[in-house]
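> below is the sequence, then the predicted model.
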Amino acid sequence: MSRNVRTCLLSSLVALVGCGGSSASDDGSLRAALLTSGPVSDAGWYAGAYDGLLLIQDSLGATISHQQTATPAEFDEAFLAYASSGYDLIFAHGFEYQDAAVRAGSQFPDVTIVVSGGGRIADNVVPLIFRLEEGSYLAGMAAAAMSETGMVGMVGGVAIPPAQGTFRAFEAGARSIDPDIRVLETFTGDWNDVAAAKEATVAQLSRGADVIIHNVDAASFGVFQAVREAAADGRTVWAVGMNSDQNDVAPDVIIGSAVIRIPQAFLETARRWETGEVGGAPIYASIREGVIDFVFNPRLMDRVPSGIVERIAAARSDIRSGALTVPRVRFVEDEVGAP
């Protein structure tokens, strides 16, 4: 990208974040921004982040702004624009932002950048680590209990370590119920490609999987559509939501959701920032804090096999107490000994 083009882009972004209701405040209140690489209409990962930004505005009186950025160059420009416009706290919602966040953090030491699922740490660049594998472990238990074929499927977007971790935990949870269960895994390479996710789901269903979990963003609609179409053809098949409570998205086929209560985590992070507690170390959000969970779809509880709710409740308690250690993929710098 030429220097002139980059300068124009930066000028446009500064103008954007500095106009209307998104302007940096002059009264000393918190100024918080959010970057997402996909649409906040996804009913999942991005939507939860945007709800968190709104909660920070409502609860703390913060000035807020959001931008969707698709490429590494746009990541850099957006960080520069927000930091140059006086924003204090930038939530970069995704592992993909971590390198750009470190670059921006070194240029703007007075700005704090929180990277959801990030793995790199600096004095003012903080990974916010959601222990979603704890929720997906419980989801795996539910999936194995619901499966009639003894085969379940996993459809992911990009094979980054946090996504791989949720699938390893899902697999472990399923095998805690049925040690012989077969597990299919597909990564499409795109978080938001609905058609690709649907195609991957159809392929897994055709091989005999009858419960499908996803770890995608807007592409989850393709997963749910494929499962609904298979159910309409007379098959007994189920889907599992991920990243937020998606039970209402397709309530006829989603048996439950592995949930991150992202708004709660964002608000707590902003409060900690206000008291000077954020910086230099990762923030972990798990079942212990009530941020992660697996939530059954109440409309389908009559289809859930007897005893599995109690077994999942017991596993949840064991995770919370530390008696049960869920498999995870470590990706955070110097994470040895992390909770």
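Alright, I've got the coordinates.
> what number of residues lie near R320?
Other residues lying near R320 total 15 when counted by other Cβ atoms under 10 Å. In short, each C-beta sits where N, CA and C put it, glycine included.
> might one say that it is in contact with E289?
No: the criterion here is Cβ atoms under 8 Å, and R320 misses it with E289 at 9.7 Å.
> hang on, S65 in a helix?
No: counting by DSSP: H, G, I helix; E, B strand; the rest coil, S65 is located in no helix; its state is strand.
> distance of it relative to S147?
44 Å (Cβ to Cβ, to the nearest Å).
> try G86
Going from G86 to S147 by Cβ to Cβ gives 53 Å.
> can I get stretch 153-161 as CSV, trimmed to CA atoms?
What follows is stretch 153-161, C-alpha atoms only, in CSV (Å, rounded to 0.1, in the frame of the first residue of the first chain):
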residue,chain,number,x,y,z
GLY,A,153,-19.1,-33.5,14.0
MET,A,154,-17.1,-30.2,14.5
VAL,A,155,-17.1,-27.4,11.9
GLY,A,156,-14.6,-24.6,12.4
GLY,A,157,-13.5,-21.5,10.6
VAL,A,158,-9.7,-20.8,10.8
ALA,A,159,-7.6,-23.4,12.6
ILE,A,160,-6.1,-21.1,15.2
PRO,A,161,-5.1,-22.4,18.6
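> would T186 count as being in a strand?
Yes: under three-state DSSP, T186 sits within a strand.
> burial count for the nearest residue to W45 once chain neighbours are set aside?
The spatial neighbour of W45 that comes closest, neighbours along the chain excluded (Cβ to Cβ, 6 or more residues apart in numbering), is N243 at 4.2 Å. Per other Cβ under 10 Å, the neighbour tally for N243 reads 27.
> swap in S306?
Number of residues near S306 (other Cβ under 10 Å) recorded here: 7.
> that one in helix, strand or coil?
With three-state DSSP as the basis, S306 sits in coil.
> so for G86 and S147, which sits in the more crowded spot?
More neighbours surround S147 than the other of G86 and S147, with 23 against 16 (other Cβ under 10 Å).
> quick one: the more buried one and I181 touch, right?
Yes: counting by Cβ under 8 Å, S147 does reach I181; the two are 6.8 Å apart.
> can you work out which residues contact both of these two?
When contacts are counted by Cβ atoms under 8 Å, 6 or more residues apart in numbering, S147 and I181 have no shared neighbour.
> residue contacts, L55?
Going by Cβ under 8 Å, 6+ apart, L55 touches P263, F266, L267.
> what's the helix or strand for the second one?
Okay, so that is F266. helix 262-274 (DSSP states H and E).
> which residues touch that helix?
By Cβ under 8 Å, 6+ apart, the residues outside helix 262-274 that reach it are 30, 32, 45, 48-49, 51-56, 59-60, 62, 88-89, 91, 112, 114, 116, 128, 130, 243-244, 278, 283, 285, 289-291.
> just the buried positions in it, please.
Residues I262, P263, Q264, A265, F266, L267, E268, T269, A270, W273 are the ones in helix 262-274 that count as buried (16 or more other Cβ atoms under 10 Å).
> ok, stretch 230-240 next?
Under the neighbour-count criterion of 16+ other Cβ under 10 Å, stretch 230-240 has A230, A231, V237, W238, A239, V240 buried.
> check stretch 292-302 too.
Neighbour-count burial for stretch 292-302 flags I292, D293, F294, V295, F296, N297, L300 (criterion: 16+ other Cβ under 10 Å).
> what's the end-to-end length of it?
Start-to-end span of stretch 292-302 (Cα to Cα, to the nearest Å) is 24 Å.
> so how far is it off the chain centroid?
19 Å (Cα atoms, centre = their mean, to the nearest Å).
> kindly report the same for stretch 231-250.
Relative to the mean C-alpha coordinate of its chain, stretch 231-250 is positioned 18 Å out (Cα atoms, centre = their mean).
> then stretch 182-195?
On the basis of Cα atoms, centre = their mean, stretch 182-195 is displaced by 15 Å from the centre of the chain it belongs to.
> same check on stretch 55-69?
In this view, stretch 55-69 has its centroid 18 Å away from the chain centroid, taken as Cα atoms, centre = their mean.
> with stretch 193-206 instead?
Offset of stretch 193-206 from its chain centre (Cα atoms, centre = their mean): 20 Å.
> for stretch 65-82, same thing?
With Cα atoms, centre = their mean, you get 19 Å for stretch 65-82.
> list the buried residues in that stretch.
For stretch 65-82, a neighbour-count test (16+ other Cβ under 10 Å) marks 65-67, 69, 74-82 as buried.
> same check on stretch 150-160?
For stretch 150-160, the buried set under the neighbour-count rule, 16+ other Cβ under 10 Å, comprises M151, V152, G153, M154, V155, G156, G157, V158, I160.
> then stretch 244-259?
In stretch 244-259, counting by 16+ other Cβ under 10 Å, buried: 244-247, 249-250, 253-259.
> including distance to R330, pLDDT and secondary structure, could those go into TSV?
TSV is the format used below for the buried residues of stretch 244-259 (distance: Cβ to Cβ, whole Å; pLDDT from 0 to 100; DSSP: H, G, I helix; E, B strand; the rest coil):
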residue	distance to R330	pLDDT	secondary structure
S244	24	95	coil
D245	27	97	coil
Q246	27	98	coil
N247	30	98	coil
V249	31	97	coil
A250	33	98	coil
V253	34	98	coil
I254	30	98	strand
I255	30	98	strand
G256	27	98	strand
S257	25	98	strand
A258	19	98	strand
V259	23	98	strand
